[in-house]
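Asker: Here is a sequence together with a model predicted from it:
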Amino acid sequence: MKGLEPYYQNDYVTLYHGDAAGLEGWGRDGDVTITDPPYNRDYHYDGSFSDNLPEKVWLDMLAKVCPLPCVLILYPEDMYKFSHHIGVIPTRVVSWVYPSNTPRQSRSVGFFGLKPDLSKGGQPYRNPKDKRIKKLIAAGKQARLYDWWEVNQVKNVSTEKTGHPCQIPVEVMDRIITITPTKRILDPFSGSGTTLLAAQKHKRKAIGVEISMDYCNIIANRLENS
C-alpha cells in the first residue's frame, strides 16, 4: 500500500498500521470491504482516535473508506443513516442477535453493492432433541443459514477475548465471509483482527488497516497463533 509498510504479513493476510481515514483508492476490482467500523458511540478504545465525531463527519468517513461493494456491521438505525447518506439501499440485511443484559441486543449486517449467498452457510438447528434432527446432526448436517444469527457477544470470560473493548465474535465473521463473493477482503478498521482471522481461516486473501499500535499487536498475535 502506498506510503505504508506491512506491520504483519503471511500467505493470506497483510496488516498495515495506519489511519483508514487517509486511504485513497486502495482497492481493486473484485475486492469487497468487510468491516466492523467504529460505531461513533463514544466507546473507550485506547485513545488512538475519537469515537465521538459529528455525525456527518463519521458518515463521510465510512463512505470514503468503505466504497461499494461492502459489508458493514452497524446498529440498525445507523445502517439506515448510512444507506441514506450514500443513496444506496442494501441488497440484504442480516440481523445479528445476542441475548444479553445490555442496552442493545442486536446489530445489523448490511450488504451493499453485492448479493450474499446464504445457501453457502449453515447454523445450528433450533430443535436438536427432535429425532429427525438428531439423525441430521449425527450426519454432520446443519440448518440452512437464515437472515438472523443468534451468536453470543465476546465476553470477558470468552476464550477468544483479547484486550480490545469491542470485539466481534469470529463466528459472525465466519458466516459473513462464507456467504460473500469476493476475490480479496479489505478491512480498514481491523480492531481486534476478527475479519482478518476469519479470512485466514477460510484461506481468503485479506488486507487490514488499524490505527492503534496496541491493536496491531493483538491482531498479529491472533494471526500468528491461530
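Answerer: That came through, no problem.
Asker: all strands for the chain, in order.
Answerer: 6-9, 13-17, 31-35, 70-74, 92-97, 106-112, 122-123, 143-144, 148-150, 184-187, 205-210 (DSSP state E).
Asker: who's in contact with the third one?
Answerer: In other words, strand 31-35. 27, 65-67, 69-73, 114, 173, 176-177, 180-190, 195 (CB atoms under 8 Å, 6 or more residues apart in numbering). (Each C-beta comes from the backbone N, C-alpha and C, glycine too.)
Asker: Among the residues you listed, the buried ones, what's the PyMOL command?
Answerer: Burial among these is assessed by 16 or more other CB atoms under 10 Å; the matching PyMOL selection reads:
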select buried, resi 27+65+66+67+69+70+71+72+73+114+173+176+177+180+182+184+185+186+187+188+189+190+195
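Asker: about what we covered before: in CSV: the strands of the chain, plus distance to residue 199 and mean pLDDT.
Answerer: Below are these laid out as CSV (distance: least, CB to CB, whole Å; pLDDT from 0 to 100):
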stretch, distance to residue 199, mean pLDDT
strand 6-9, 13, 94
strand 13-17, 6, 95
strand 31-35, 8, 97
strand 70-74, 12, 98
strand 92-97, 18, 97
strand 106-112, 16, 98
strand 122-123, 19, 86
strand 143-144, 23, 88
strand 148-150, 18, 93
strand 184-187, 5, 96
strand 205-210, 4, 96
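Asker: Same list, those, but as CSV with distance to residue 50 please.
Answerer: Converted to CSV, the strands of the chain look like this (distance: least, CB to CB, whole Å):
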stretch, distance to residue 50
strand 6-9, 22
strand 13-17, 18
strand 31-35, 18
strand 70-74, 18
strand 92-97, 25
strand 106-112, 21
strand 122-123, 36
strand 143-144, 41
strand 148-150, 30
strand 184-187, 20
strand 205-210, 16
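Asker: which stretch among these comes nearest residue 60?
Answerer: Residue 60 lies closest to strand 70-74 among the strands of the chain, at 14.6 Å (CB to CB).
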